[in-house]
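A.B. asks: 3D model of this:
(chains A and B)
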Amino acid sequence: MLKGFEATAVPMGAARDARAEIEAFNAEYAAVLDAGQVDAWPRFFTSDALYRITGRDNADADLPVGLVYCEGKAMIEDRALAIARTMMFAPRYLLHQVTNVRVLALADDAIAATANYALYETLVDARTTLQQVGRYYDRFVRRDGALLLRERHCVYDSLIIDTALIYPV
Amino acid sequence: MPDTASDLRTDPRAAPLANEPAHVWPAEGLSAIPDWVYTSQAIYEREIERIFHGRTWNFVALEAELPEPGCFKRSHVGPTPVIVARDRDGRVNAFENRCAHRGAELCRPPSGKVTELVCPYHQWTYDLAGNLTAVPFRRGIQKQGGMPPDFKLQDHNLKQLTVTTRGGLVFASFARDMEPLEDYLGPEILADFDATFDGRPLKLLGYYRNTVPANWKMYHENLKDPYHATLLHAFLVNFGLMVAGNKSAMIVDPKGRHGTLASARPPEPKVDDASKREMRAFSDTMKLADDRMLDYVREFDSPWSVTMQTIWPNLIVQRELNTLGVRHIVPNGPHEFLMVWTMFGYAGDSAEMTRHRLRQGNLMGPSGFLGLEDNEALRFVQEGVTRSDPGASYVGLGGAEEGTTHHLISEAAIRSMYRHYREVMDL
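C.D. replies: Numbering: from 1, shown residues only, chains lettered A, B, ... in the order given. Here you go, the predicted model:
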């Protein structure tokens, strides 16, 4: 459980609409990453967004560190640039499954929500492995009618990373 | 630790065969590293006995993880599970996490605060120094059963290790008569160690954990190999963090065990044309959209902006600009090790300084711009030396020189490490 993401009472109809919208958003987000289009990944975020990947032990102990810690869309773009242009790693495919979307709080143009994810990794010369399972802790805002992430914390249960986590979660 | 017991049963590499070839070092000497130092189970077992359980100081915890009496942490010395605990008197102790009764790894939570440690199997109870204080039904029941008359609690303590601390770090040793840590590290290594651990209380920022499918020694070698830094790590080169022409050193202690890879970034990083041609990774056109992560806040009494210290046998001290961490190597057979990263700042850091350290943390760790490349490269090497026809690596860079060098294009520190290793391992 990440501090600041407590569930509040949300009217059922509004929660259903928000859930459908977030599910569509997450499907597009996963599709971009699973296609390896890392340069298109920053477009899901606001300019002041926070993106972080951290272990559940850190989240539970309220420790702030991130495997990936991007403050602002510019840092998110730099991460995308580094993956695409500077980093050396073996070729691989990724596949996200995002489920159990849960709306925690609804305000005028802001939604707090969680979703579970499983991230499968396939090195092109090895068997498929479960790279990690975890939960997104999200804050969405609406800009020009569409949702954008203002915060996404990817909190993983799989505390022991297998070798390296290359792409965004 | 991941449970790899089933892998060991089915992995033919794990069982030493009676006809395993004799381990004879190649005639070339220290410029050759034979594959079997990375792949042999027999060699691995000798390393546990002579290195991790031998005359070495092994990192086990930060004192900041044990802030009060009763605080404990599960840790490892080599692959061996230990508990590190602060007792009622405030003293830090380390002892094996193995019940003296039936051998259960009794302590399960990664950390916590308790008044005593109780094995869940038969409730043998230990104090925070590892001394056995109580066993249930010691006198039996209705004069039947119970412990024999000569049973003494003090004969069944948890196996206790020698402990020392410096600068907020806790080290343990299976050896009873270890020299002081200061002598073990030596003045060459201590200078940069003390620059990082300068007396400011440490503030824990969090953990990363990852396995690397490679032999544990390769991680030391990688940080005694400044050659790779400007070649593998395009990020370092492109953004001027470490460039072949910068003032640099690879410092080695007189015994060859420990090292400090040090580099000083000039105020205005510039890459000369000759270096650019050598470094395929270099690109003049790449710019960060947010370059705050490259900022260096001068806070250390040190000429270096980067020091990566390899403290034999299980610790890396990372000071990369303002991102700080200790990396604890836990070997798991010849083909894999666990790496536990504990990231920290200082208790007096402002909120902005903490965030600066976190932003800069993107460089390191299993998703770090640099860190993940090392893990990938080591995996490639382990696969190469395991799968191919047996051979040896070539570490001839810098000729036969050993010890400290004041440039980056040498493998002298790797040769020094293997001189020490061969002596301890009798190879």
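
A.B. asks: can you pull out the helices in chain A?
C.D. replies: Shown for chain A, the helices assigned by DSSP state H span residues A:12-34, A:56-60, A:73-81.

A.B. asks: Serialize those helices to CSV and add fields for mean neighbour count, mean pLDDT and distance to chain B.
C.D. replies: For glycine as for every other residue, the C-beta is placed from the backbone atoms N, C-alpha and C. What follows is the helices of chain A, written out as CSV (neighbours: other Cβ atoms under 10 Å in any protein chain shown; pLDDT from 0 to 100; distance: least, Cβ to the nearest Cβ, whole Å):
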stretch, mean neighbour count, mean pLDDT, distance to chain B
helix A:12-34, 16, 97, 14
helix A:56-60, 18, 97, 4
helix A:73-81, 21, 96, 4
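
A.B. asks: Take these and lay them out in TSV including distance to B:Glu116.
C.D. replies: Output for those, formatted as TSV (distance: least, Cβ to Cβ, whole Å):
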stretch	distance to B:Glu116
helix A:12-34	47
helix A:56-60	24
helix A:73-81	47
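
A.B. asks: right, so of these, which gets closest to B:Asp155?
C.D. replies: helix A:56-60 (37.0 Å; Cβ to Cβ).

A.B. asks: just checking, what packs against that closest one?
C.D. replies: strand A:146-156, strand B:202-212 (3 or more Cβ pairs under 8 Å, 6 or more residues apart in numbering or on different chains; DSSP states H and E).

A.B. asks: helix or strand for B:Tyr227, which one?
C.D. replies: Element membership of B:Tyr227, judged by DSSP states H and E, is helix B:226-232.

A.B. asks: Most proximal residue of chain A with respect to chain B?
C.D. replies: Nearest to chain B, among the residues of chain A, is A:Val65, at 2.9 Å (Cβ to the nearest Cβ).

A.B. asks: Poorly predicted segments of chain B, please.
C.D. replies: Residues of chain B meeting the criterion pLDDT under 70: B:1-21, B:242-244, B:267-271, B:275-277, B:279-285.

A.B. asks: where's the residue of chain A positioned farthest from its centre relative to A:Pro91, distance?
C.D. replies: Ranked by distance from the centre of chain A (Cα atoms, centre = their mean), the top residue is A:Asp125, with 26.8 Å. As judged by Cβ to Cβ, to the nearest Å, A:Asp125 and A:Pro91 stand 9 Å apart.

A.B. asks: same deal with B:Asn375?
C.D. replies: Counting by Cβ to Cβ, the gap from B:Asn375 to A:Pro91 is 16 Å.

A.B. asks: What of B:Arg292?
C.D. replies: Relative to A:Pro91, and taking Cβ to Cβ, B:Arg292 is found at 31 Å.

A.B. asks: again, but for B:Gly103
C.D. replies: Taking Cβ to Cβ, one finds B:Gly103 at 44 Å from A:Pro91.

A.B. asks: next one: B:Leu181
C.D. replies: 44 Å.

A.B. asks: Those two - which one has more neighbours?
C.D. replies: B:Leu181 (18 against 9; other Cβ atoms under 10 Å in any protein chain shown).

A.B. asks: tell me the phi and psi of the more buried one?
C.D. replies: phi -60, psi -40 (degrees, to the nearest 10).

A.B. asks: cool, the one 10 residues further on as well?
C.D. replies: Backbone torsions of B:Ala191, given as degrees, to the nearest 10, read phi -60, psi -50.

A.B. asks: centre of the chain versus the helix or strand that contains B:Glu47, how much separation?
C.D. replies: For B:Glu47, the host element (DSSP H and E) is helix B:41-47. Centroid displacement of helix B:41-47 relative to its chain, using Cα atoms, centre = their mean, to the nearest Å, is 18 Å.

A.B. asks: where's the helix or strand just after it relative to the chain centroid, distance-wise?
C.D. replies: Next in sequence after helix B:41-47, counting helices and strands by DSSP H and E, comes strand B:58-62. Relative to its parent chain, strand B:58-62 has a centroid offset of 9 Å by Cα atoms, centre = their mean.

A.B. asks: what lines up beside strand B:58-62 in the sheet?
C.D. replies: Sheet pairing for strand B:58-62, assigned by DSSP bridges, gives strand B:169-173 (antiparallel).

A.B. asks: For the strand it pairs with, what is the distance to the chain centroid?
C.D. replies: 12 Å.

A.B. asks: which residues sit against it?
C.D. replies: By Cβ atoms under 8 Å, 6 or more residues apart in numbering or on different chains, the surrounding residues in contact with strand B:169-173 are B:55-63, B:66, B:77, B:82, B:84, B:92, B:94, B:161-165, B:181, B:197, B:326.

A.B. asks: go again using 6 Å as the cut-off
C.D. replies: Here strand B:169-173 makes contact (Cβ atoms under 6 Å, 6 or more residues apart in numbering or on different chains) with B:57-61, B:77, B:84, B:92, B:94, B:161-164, B:181.

A.B. asks: How about stretch A:154-169?
C.D. replies: Outside stretch A:154-169, the residues that reach it (Cβ under 6 Å, 6+ apart) are A:41, A:53, A:55-57, A:59, A:89, A:94, A:119, A:132-136, B:2, B:209-211, B:366-367, B:372, B:375-376, B:379.

A.B. asks: And stretch B:130-139, by the same measure?
C.D. replies: Contacts of stretch B:130-139 (Cβ under 6 Å, 6+ apart): B:95, B:123-127, B:146-147, B:153, B:156-158, B:160.

A.B. asks: Among those residues, which are located in helices?
C.D. replies: Short answer: those have none in helices (DSSP H).

A.B. asks: of those residues, buried ones?
C.D. replies: Using 16 or more other Cβ atoms under 10 Å in any protein chain shown as the burial test, the contacts of stretch B:130-139 include B:95, B:124, B:126-127, B:153, B:156-158, B:160 as buried.

A.B. asks: Kind regards, and thank you for your time.
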